[in-house]
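Enquirer: Build me a structure from this.
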Amino acid sequence: MARPFFAARIEDRLNTELGSFVRSRGWTERVIPYTGYGSSKFIRVLARVVHNPPQTGPRVYHPDTLLQRRGWRNFVTAPVVNATVECTIDGQTFEVVTDRNGYVDTRLPVRGLKPGWHEVTLTCGSSEPSEAPIMIVDPEQTFGLVSDIDDTVISTSLPRPLLAAWNTFVVQESARQAVAGMSELYRGLLADHPEAPIIYVSTGAWNTAPTLIRFLQHHRFPIGPLLLTDWGPTNTGWFRSGQEHKRMCLRDLAIDFPKISWILIGDDGQHDPSIYGEFAEAHPDRVNVVGIRQLTPGEQVLAHGTLAPISSDELDSSTVVPEVRAGDGYGLQPLLQKAINGDYDEEQPVRATG
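Expert: Predicted coordinates for the structure are as follows:
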């Protein structure tokens, strides 16, 4: 195997040195649980282990205080690398190992869990037990929703580098804006399918997961697993590919839930239309409808520097998966509902697949 990219080697050395330094000062392990998912045959556990400073007393945060936090605090962490994490659920215990940045992303062969919400208990070293929510999906479920986050449910001006840094590291959480009508749209879509999964897929960093969860709760979005990325060097380059991350997430969901036909919702500020179109071409029976939020010209400039959408090509083939577009959730709602009912407007954009 070729040596990892030099920046990844530098990052690994820094993480090792930082870990040794903080442990010498009494820091211990803390498990940050993320929401996972599963079926009657497996669970997917998502978490991160970081070093935690010594506590002189209980630390209590009020929800309103959390909403006033600056985003940079989410990135000041010292990961615990190559550490053993015990995962206990339904009387079964498994051991997994954190990766080079302290993350856990693993599928465990836990069978027989009933559909609904469960919890897996995570411990590492001397850490206090943490409970990670696990959404178990009925194996016969055929309805599900996949949603992008940036510029689809939240206005972040991502991924324009300077604006992204400003939003991520400086802006208070309470200053972030929800896209109009999107929470109402998602609640309406799931009202008739209360056991259906909703999965949020984003190229944002895992460090922002607590911020995003609080944002979604504050704006009454349905709660579901977040599939985010680990920013920074990889074994092959400086940064991970956001487009490939979304493609991989969709492929995983197609494998994990073979009976679900997904509603895919994103925006035209980046590559969601083409990524969703590729997936629909490869798996036309796995896509119910594609919904695209259309950014304003000003939002397009903030997103990628030009007035026009970055991806607007239509595919041409024999099998049709409907694609509808509107400027916000209020506009998308009636179009999506018609498409789901097989009564979409022929004049609306359509993603042809086959």
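Enquirer: Now for Val289, how many residues are close by?
Expert: By other C-beta atoms under 10 Å, the residues close to Val289 number 24. No exception for glycine: its C-beta is placed from N, CA and C like everyone else's.
Enquirer: roughly how far apart are it and Ile154?
Expert: 22 Å (C-beta to C-beta, to the nearest Å).
Enquirer: Also Leu122?
Expert: Note on Leu122: its distance to Ile154, by C-beta to C-beta, is 27 Å.
Enquirer: any low-confidence regions in this structure?
Expert: Applying pLDDT under 70 to the chain flags residues 1-13, 15, 18-20, 56-76, 156-175, 231-242, 297-319, 344-354.
Enquirer: 50 - rerun?
Expert: The model of the chain has pLDDT under 50 over residues 1, 6, 60-74, 159-160, 163, 233, 236-238, 314-319, 350-354.
Enquirer: Domain parsing of it, as residue ranges.
Expert: In terms of domains, the chain is parsed into 6-54+77-136, 143-341 (source: the TED database).
Enquirer: which residue ranges form the helices in the stretch 101-250 of the chain?
Expert: Counting by DSSP state H, counting those that start in this stretch, the stretch 101-250 of the chain has helices at residues 161-169, 182-191, 209-218, 242-256.
Enquirer: Tell me which of those sits nearest to Val321.
Expert: helix 242-256 (13.5 Å; C-beta to C-beta).
Enquirer: What is the subsequent helix or strand relative to that closest one?
Expert: Next in sequence after helix 242-256, counting helices and strands by DSSP states H and E, comes strand 261-267.
Enquirer: Just put the helices of the stretch 101-250 of the chain in CSV and tack on distance to Pro284 and mean neighbour count.
Expert: Shown next, in CSV, are the helices of the stretch 101-250 of the chain (distance: least, C-beta to C-beta, whole Å; neighbours: other C-beta atoms under 10 Å):
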stretch, distance to Pro284, mean neighbour count
helix 161-169, 34, 14
helix 182-191, 21, 18
helix 209-218, 30, 18
helix 242-256, 12, 17
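Enquirer: could the ones you listed go into TSV alongside distance to Asp138?
Expert: Converted to TSV, these look like this (distance: least, C-beta to C-beta, whole Å):
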stretch	distance to Asp138
helix 161-169	36
helix 182-191	14
helix 209-218	23
helix 242-256	13
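Enquirer: Nearest to Tyr276, out of those?
Expert: helix 242-256 (8.0 Å).
Enquirer: Tell me where the stretch 201-350 of the chain has strands.
Expert: Along the stretch 201-350 of the chain, counting by DSSP state E, counting those that start in this stretch, strands occupy 226-229, 261-267, 287-293, 319-326, 350-353.
Enquirer: can those strands go into TSV with extra columns for distance to Ile32?
Expert: As requested, the strands of the stretch 201-350 of the chain are exported to TSV (distance: least, C-beta to C-beta, whole Å):
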stretch	distance to Ile32
strand 226-229	12
strand 261-267	27
strand 287-293	30
strand 319-326	36
strand 350-353	37
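Enquirer: Check those for me and report the most buried one.
Expert: A comparison of these by mean neighbour count, using mean count of other C-beta atoms under 10 Å, puts strand 287-293 on top with a mean of 26.
Enquirer: list the helices and strands that strand packs on?
Expert: strand 261-267, helix 272-282, strand 319-326, helix 329-340 (3 or more C-beta pairs under 8 Å, 6 or more residues apart in numbering; DSSP states H and E).
Enquirer: what residues are up against Glu140?
Expert: Listed by C-beta atoms under 8 Å, 6 or more residues apart in numbering, the contact set of Glu140 reads Lys259.
Enquirer: Please report how far Ser24 lies from Leu14.
Expert: 16 Å.
Enquirer: Then Gly331?
Expert: 47 Å.
Enquirer: Of those two, which one has the most company?
Expert: Shown here are Gly331 and Leu14; by other C-beta under 10 Å, Gly331 has more neighbours (18 against 11).
Enquirer: thought that one was touching Val179?
Expert: No. Counting by C-beta atoms under 8 Å, Val179 is not a contact partner of Gly331; they are 10.9 Å apart.
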